[in-house]
Every structure is written in C-alpha cells, then in structure tokens.
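Q: Build me a model from this:
(4 chains)
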There are 2 protein chains.
Amino acid sequence: MATDRTRTAILNAAERLYAERGFSDVTLRDIVGEAGVNLAAVNYHFGSKDELIAELYVTRSIATNRIRLAELKAAEDAGGGRAPIEAVVRALVGPTLRGCLGPATENTTIARFMIRASIESVPPIRKIRNREISHLRRFAQAMKRSLPDAADVDIYWGLHFALAMAHQTIRDSERLNKLSEGACDLGDVEGVIERVVTAAALALTAGSPSSYKAPARAATARGRPTARD
Amino acid sequence: MATDRTRTAILNAAERLYAERGFSDVTLRDIVGEAGVNLAAVNYHFGSKDELIAELYVTRSIATNRIRLAELKAAEDAGGGRAPIEAVVRALVGPTLRGCLGPATENTTIARFMIRASIESVPPIRKIRNREISHLRRFAQAMKRSLPDAADVDIYWGLHFALAMAHQTIRDSERLNKLSEGACDLGDVEGVIERVVTAAALALTAGSPSSYKAPARAATARGRPTARD
DNA sequence: TTGCAATTCAAACAGTTGTATGAAACTATC
DNA sequence: GATAGTTTCATACAACTGTTTGAATTGCAA
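A: All right, here's what the predicted structure looks like:
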C-alpha cells in the first residue's frame, strides 16, 4: 500500500489527458504511458476504466465546489450573510472561467477537466452528475437570500442560464472569436466573467417573461401561435 | 444510380440514430442495420464514415438554417425590414428548442441531430462547424438592424449568450428539472422559448458591463484583483 | 535471512471497430 | 437476349479497445 504512488500518478495523468484531449480520444494506454506505469495497474487499483473515471470525477468535483463555495462564503460574510446577486453568480462561474480561459497552469487542469466532464458526459460521469447537485442547491439558496422577493422558478432559471453562458463561452470560444473577428476578447478573463455575471444578474432580476414587458411580438415564419399569447 | 435509395436510407438512419443516441454510441453496423442495407454500402456511397457524417451535417445544417432564416425574414418583413430584437432571437433559438423539447415527431429528428452535433463535436463536424458561420453573421446583422445603437461587441456577446442558454437548456434539462423539483416546466416549450428570448434580449439591450450599473462587488474568496477594478 | 502479501510487469485475450475484397445480383443499352 | 457498368452482398482483415493472466519483483514483518 505504502503511499499509493501509482494510484495518484494514474489519477493525475488521466486528469491531464482528459482535460486536454477529451474522454473519447484518450485510451488507458495513453494514460499509463503518461503516468509511467503498467497497463494492468489501472484494473488492479481501480477495477475498471469506468471506476477510474468515476473516482476522478468525484474527487475533482468536490475540489471544484470547495473553491466555489469558499468564494460564496467570503462574499456573504462580507455582506453580513447576504451577498449581492452579482457576487453569488461570480462565485459560481468565476473559478471555472478563470481556470479554462486563463493561461494554462498546473492549477487550471482541474477546471479544464471538469468542463470536459460536463461537455462530453460519458456514462460513468453522467450518473453522478445528475444525482449529485447539492452545490447547486447551495447556490440557489444563496441567490434566494440575495433576492428575497424573487420567485423560486426565476432563481432556478437564472442559475441555469448563468452556467449555460459560462460553459458555452468556454466550449465555443473559437467560434465566438471568429464571428466577432476578435472583438470579443476572450483573453480578458475578468471582463468575460463580468459579462456573464451581468447578463445572469439581469436575467435573475428582470428576466421572468411575466415581469419583463416585451415589445409586441412579430409573427413567426410558420405562423405558429405561441403559448404565452 | 437510379434514385440513390440506399444513400438516402443510410443518411436517414444515421440521422435518426445519431439524434437518439449520440455519435459515440452508434456504429456503422447499427446504421446499416437500421437502414436495411449492407455494411459495405457506406464505404461504397460515402467513402468513409467521416465523410458520411460530414455530408449528413452539411445537409442538415442547411435545412435548419433555412428554417431559422425564413422565420427571421418573416419577422423583418412584418416590421418593414426591422424586427424587434425579441423576434430575431426567437427566430434563432425557437426552431431548435421546439424540435428538441417538444414531442418527438419525424420533423424533430433534425433538430435533435443538430444538437448532438453541436454537443459532441466529433472531428469531421467540428471543422465544418467552426468554418461555416454565415448564418450567425446573418443573425448578427439582423440584431444590428434591430438595435442600431448597440455596439458590435455587445451584439456578438448577446447572440452567443442566446445560443448558450438554448443549448444548455436542451442539454441539461434533466438536471434543471431535478434542481427545481419540476418548477421549471420544460414541457411548456413556448414558455421556455420566451424565457430564453427575454434573457437574451435583456443581455443585448442592457448587458454590457459598462452600461450596467452593478452594485459594489464583494471580495472574492481568494482575494484576486479583477481586471475591471 | 526467510516468508508472505502486495504490487508490478509483459504478454495474451476477446470483443468491437472501420475498411477492403471479390464474387454475385441487378440495370440499362445495344 | 447478350453485355458492360453499377450496385449489393457475405466475408475477411487489420487495428485498436478494455480486461485478464500468471509470473516476476518489491516491501515489510518475523
């Protein structure tokens, strides 16, 4: 047993390769090659490839949420238990955006891995991911504290949209950069974060269709009546 | 040559299976089984699996964008060449959300396939997808017509965020449903569309961090200074 | 040192994948 | 109806995957 050196080397190598190349492009032989261990070590220490991925995901998601929740707690403590909604959103999306859009360092591998996990959704991860959402509940509660008058359903949609914008920005940054011909500066990480935070805060405070006075709607191309008319 | 019956059967079967199960879970043997043709027919008619996927994606993305652009044109014609920003966003995200969240019919397969293509990003598709963005330019121009005073960069971000919210809603609907304990009704497709449209319109009209007066920001957990301070 | 369990290793295994082959069946033209 | 070109078919192939095996090596306690 000793120090589980081999186990840790496998986990770290897998995290690095999955973060860089995604799950579908990385084989066990790639991982053990990167880790400098024997192929059979994976099944010896983890039982199977899926169990390796599951353990990797669990440990990394715990670490990620610890950072997010620490940032949330700091923001709430600074505000006497109630943080501005922007600060809550920032704690939710900031660490991931910084880790994925900022310069690649040792500390950013985990953010890039988690994004891969949320994008590719390989079976052993999907199960855990759809079951374990306690950190989202924590953030939803914090948002309710920030916006005590908001309806619950609006909170959930706002939280969902905040994650959506952050993830898609990471995922499709190349296309956004090409479309805008460089006008959308993804290198300005903190600027990107404020964009996402601002848009999410707007959706949370004024984004309910019922509370938002939309201009008269034009007919759709297919003339379909909409449910809210 | 005759009627290319086999070719079409392969394309349709591939579209259906990829839409339902994703790219990584569907093999050529699954496709030819569903199509009722011989395995070798794929390489005979398309050259390789990747070329089949590429052709499938090209034809389907053209069809999808034809629908979106027709809806956009109808909205602009109804407004004398300038549609409300909500209508532009609705034309962009409505067809996809209806196709993916609404009841599964023959006509919705294409929307579900396109979402898979945008989610899984398999190599032959990624190349095309990152190069061919003319439909996004069309929508960006329409948005500029709707909001002549908006800065270009805000338009691009708003367009990007609109797609982000729509895609993530399709992709992560299960988790949103669980988090909200059913409060976010994803069966009310038109209601979901209005949520996305409203949030995107808000981001487009008031979402620039410089134009949005955010409350004072709380310190982050790690005390990192932000670039915009 | 001796003995025993834990760990590592090279090699093989079984299954699946996309692709290639060559014969058979079909189609249309003369 | 014979023939040439196209399309279909069963089958084989080569490469790659995760997993298993059994022998070698290591580490540690007696």
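
Q: Any buried residues in the longest helix seen in chain A, and which?
A: Using DSSP state H to define each element, chain A has its longest helix at helix A:49-78. Judged by neighbour count using 16 or more other C-beta atoms under 10 Å in any protein chain shown, the buried positions of helix A:49-78 are A:49, A:52-57, A:60-61, A:64-65, A:67-69, A:71-72, A:74-76, A:78. C-beta: built from backbone N, CA, C; applies to glycine.

Q: Which residue ranges make up each domain of chain A?
A: A:1-47, A:67-206 (automatic domain parsing).

Q: how near is A:H160 to DNA strand C?
A: Per C-beta to the nearest atom of the strand, to the nearest Å, A:H160 is found 34 Å from DNA strand C.

Q: What is the neighbour count of the nearest residue to that residue once chain neighbours are set aside?
A: The spatially closest residue to A:H160, leaving aside those adjacent along the chain, is B:L176, at 5.0 Å (C-beta to C-beta, 6 or more residues apart in numbering or on different chains). Number of residues near B:L176 (other C-beta atoms under 10 Å in any protein chain shown) recorded here: 23.

Q: before we move on, which element is B:L176 in?
A: B:L176 is part of helix B:173-179, with elements assigned from DSSP states H and E.

Q: which residues are contacting the helix or strand following that helix?
A: Downstream of helix B:173-179, the first helix or strand assigned by DSSP H and E is helix B:189-206. Here helix B:189-206 makes contact (C-beta atoms under 8 Å, 6 or more residues apart in numbering or on different chains) with A:157, A:161, A:198-199, A:202-203, A:206-209, A:212, A:214, A:226-228, B:85-86, B:89-90, B:93-94, B:97-98, B:101-102, B:143, B:147, B:150, B:154-155, B:157-158, B:161-162, B:165-166, B:169, B:185-186, B:212.

Q: ok, now stretch A:129-138?
A: Contacts of stretch A:129-138 (C-beta under 8 Å, 6+ apart): A:57, A:61, A:65, A:68-69, A:72, A:117-118, A:121, A:159, B:174-175, B:178-179.

Q: Out of the residues you listed, which one has the lowest pLDDT?
A: Among the contacts of stretch A:129-138, A:S121 carries the lowest pLDDT, at 85.

Q: how about A:P209, secondary structure?
A: Three-state call for A:P209 (DSSP: H, G, I helix; E, B strand; the rest coil): coil.

Q: Once you drop chain neighbours, what's closest to it?
A: Here the residue nearest A:P209, using C-beta to C-beta, 6+ apart, is B:E194, at 4.2 Å.

Q: what about that neighbour, how many residues close to it?
A: With other C-beta under 10 Å as criterion, B:E194 counts 24.

Q: do the one 5 residues further on as well
A: Applying other C-beta under 10 Å, we find 31 other residues in the vicinity of B:A199.

Q: Then A:I119?
A: A:I119, neighbours per other C-beta under 10 Å, totals 17.

Q: Which positions in chain A make contact with DNA strand D?
A: A:2, A:27-29, A:39-40, A:42-43, A:48-50 (C-beta under 7 Å from any atom of the strand).

Q: For ChimeraX, what selects the buried ones among these?
A: Only the buried entries of the residues of chain A next to DNA strand D go into this ChimeraX selection, using 16+ other C-beta under 10 Å:
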select /A:28,42,49
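
Q: would you list the residues of chain A next to DNA strand D in CSV and tack on secondary structure and distance to A:A9?
A: Formatted as CSV, the residues of chain A next to DNA strand D follow (DSSP: H, G, I helix; E, B strand; the rest coil; distance: C-beta to C-beta, whole Å):
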residue, secondary structure, distance to A:A9
A:A2, coil, 13
A:T27, coil, 17
A:L28, helix, 14
A:R29, helix, 15
A:L39, coil, 13
A:A40, helix, 14
A:V42, helix, 11
A:N43, helix, 15
A:S48, coil, 18
A:K49, helix, 16
A:D50, helix, 19
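
Q: which among the residues of chain A next to DNA strand D gets closest to DNA strand C?
A: Minimum distance to DNA strand C across the residues of chain A next to DNA strand D is 3.5 Å, recorded for A:A40 (C-beta to the nearest atom of the strand).

Q: And the closest one, how far from A:L186?
A: A:A40 sits 42 Å away from A:L186, going by C-beta to C-beta, to the nearest Å.

Q: just A:S180 next, same as before
A: Taking C-beta to C-beta, one finds A:S180 at 10 Å from A:L186.

Q: more neighbours, the two?
A: A:S180 (20 against 17).

Q: secondary structure element for the nearest residue to the more buried one once chain neighbours are set aside?
A: Using C-beta to C-beta, 6+ apart and skipping residues adjacent in sequence, the residue nearest A:S180 is B:Y156, 3.9 Å away. B:Y156 is part of helix B:152-171 when elements are defined by DSSP H and E.

Q: From the contact counts, what lies against that helix?
A: Helix B:152-171 is packed against helix A:152-171, helix A:173-179, helix A:189-206, helix B:85-101, helix B:109-120, helix B:134-146, helix B:189-206, with contacts defined by 3 or more C-beta pairs under 8 Å, 6 or more residues apart in numbering or on different chains; DSSP states H and E.

Q: CSV for the ones you listed, including distance to A:R126?
A: What follows is those, written out as CSV (distance: least, C-beta to C-beta, whole Å):
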stretch, distance to A:R126
helix A:152-171, 15
helix A:173-179, 24
helix A:189-206, 25
helix B:85-101, 18
helix B:109-120, 12
helix B:134-146, 29
helix B:189-206, 22
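
Q: Tell me which of these lies nearest to B:G22.
A: B:G22 sits nearest to helix B:109-120 of all those, at 5.4 Å, using C-beta to C-beta.

Q: Now do the closest one against helix B:152-171, angle only.
A: 110 degrees (axes from the mean of the first three to the mean of the last three C-alpha atoms, to 10 degrees).

Q: Show me the shaky parts of chain A.
A: Residue ranges of chain A with pLDDT under 70: A:1-3, A:207, A:210-229.

Q: Can you name the residues of it that neighbour DNA strand C?
A: So chain A meets DNA strand C at A:1-2, A:5-6, A:37-41, A:44-45 (C-beta under 7 Å from any atom of the strand).

Q: repeat that with 10 Å
A: A:1-7, A:9-10, A:28-29, A:32, A:35-45 (C-beta under 10 Å from any atom of the strand).

Q: Just give the nearest non-adjacent residue to A:S208, would you?
A: A:D154 (4.8 Å).

Q: distance of that neighbour from DNA strand D?
A: A:D154 is 43 Å from DNA strand D, by C-beta to the nearest atom of the strand.

Q: likewise A:M165?
A: 33 Å.

Q: Would you enumerate the residues in contact with that residue?
A: A:93, A:196, A:199-200, B:161, B:164-165.

Q: quick one, phi/psi of A:A13?
A: With angles defined as degrees, to the nearest 10, A:A13 sits at phi -60, psi -40.

Q: Just to check, it is in contact with A:I31?
A: Yes - judged on C-beta atoms under 8 Å, A:A13 makes contact with A:I31 at a distance of 5.1 Å.

Q: More neighbours: these two, which one.
A: A:I31 (25 against 19).
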